[in-house]
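model the following, please.
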Amino acid sequence: MSATRNVAVIVGSLRQGSFSRLIAKALAALAPPDLHLTIVDIGQLPLYNQDDDGPAPPAAWSAFRAAVKAADAVLFVTPEYNRSMPAALKNALDVASRPYGQSAWNGKPGAVVSVSPGALGAFGANHHLRQSLVFLNVPTMQQPEAYVGGAATLFDERGNLTNPGTREFLQNFMAAFARWIGLTAPP
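Reported below is the predicted structural model:
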């Protein structure tokens, strides 16, 4: 049996009851036993401003950077806002990529799941996020792609995933992500 890999889950929506957060929780429940997923919140992060990134950066930045650095891999679960990723998610990318030359993202295997009540499954956000991950040197799993559409119909009133097809897809996605981490994680 392989060692447990810790995965930082970055949820792009700040809303506690968001479809993205519900999918993130479902992914954690469906992950293989050798993956341990932890949601790392981004809502407390002040907007990135290089003027504040001196010897004593905001405590929330330091804590977030440390959480990302401690993870073996990162999983992004995001909605789409105006055909792009939410501003809070972009801010989180910026915060953990600084100071220059000390990016917490560097070399961490990653995957992206985009979520929408619409039919396209937040395709635009998924690909816009991937564009940033290329620059941040996050080797991002290419297949299977994960665009979760119709999210409003996938959960019961308690937030439990009720769609068997989506459950199977997400379980297969997590198994593929575990293999991806095994192939790309630094030794």
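
backbone phi and psi for Leu89, please?
Note on Leu89: backbone dihedrals following degrees, to the nearest 10 are phi -70, psi -40.

give the contact list for the closest residue to it other than its chain neighbours.
Spatial nearest neighbour of Leu89, excluding adjacent residues (CB to CB, 6 or more residues apart in numbering): Gly12 at 3.9 Å. (Each C-beta comes from the backbone N, C-alpha and C, glycine too.) Going by CB atoms under 8 Å, 6 or more residues apart in numbering, Gly12 touches Ser20, Ile42, Phe76, Val77, Thr78, Pro79, Met85, Pro86, Ala88, Leu89, Ala125, Leu129.

wasn't Gln131 part of a helix?
Yes: membership of Gln131 in a helix is supported by DSSP: H, G, I helix; E, B strand; the rest coil.

tell me how many other residues crowd it.
Close neighbours of Gln131, defined as other CB atoms under 10 Å, add up to 10.

swap in Arg5?
Residue crowding around Arg5 was assessed by other CB under 10 Å; the count is 20.

what pLDDT does it get?
Arg5 is assigned a predicted lDDT (pLDDT) of 97.

which residue is the nearest non-sequential neighbour of it?
In this structure, Arg5 finds its nearest non-sequential neighbour in Asp72, 4.3 Å apart by CB to CB, 6+ apart.

all the strands of the chain, residue numbers only.
Using DSSP state E, the strands of the chain run over 5-11, 35-39, 73-78, 110-115, 146-148.

turn those strands into a markdown table, columns for distance to Glu168.
Shown next, in a markdown table, are the strands of the chain (distance: least, CB to CB, whole Å):
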| stretch | distance to Glu168 |
| --- | --- |
| strand 5-11 | 20 |
| strand 35-39 | 17 |
| strand 73-78 | 18 |
| strand 110-115 | 15 |
| strand 146-148 | 13 |
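
for Pro46, which of those is the nearest?
Pro46 lies closest to strand 5-11 among the strands of the chain, at 16.7 Å (CB to CB).

now do that closest one: which elements does it pack against?
The elements that strand 5-11 packs onto, with contact taken as 3 or more CB pairs under 8 Å, 6 or more residues apart in numbering; DSSP states H and E, are helix 19-30, strand 35-39, helix 59-70, strand 73-78, helix 164-184.
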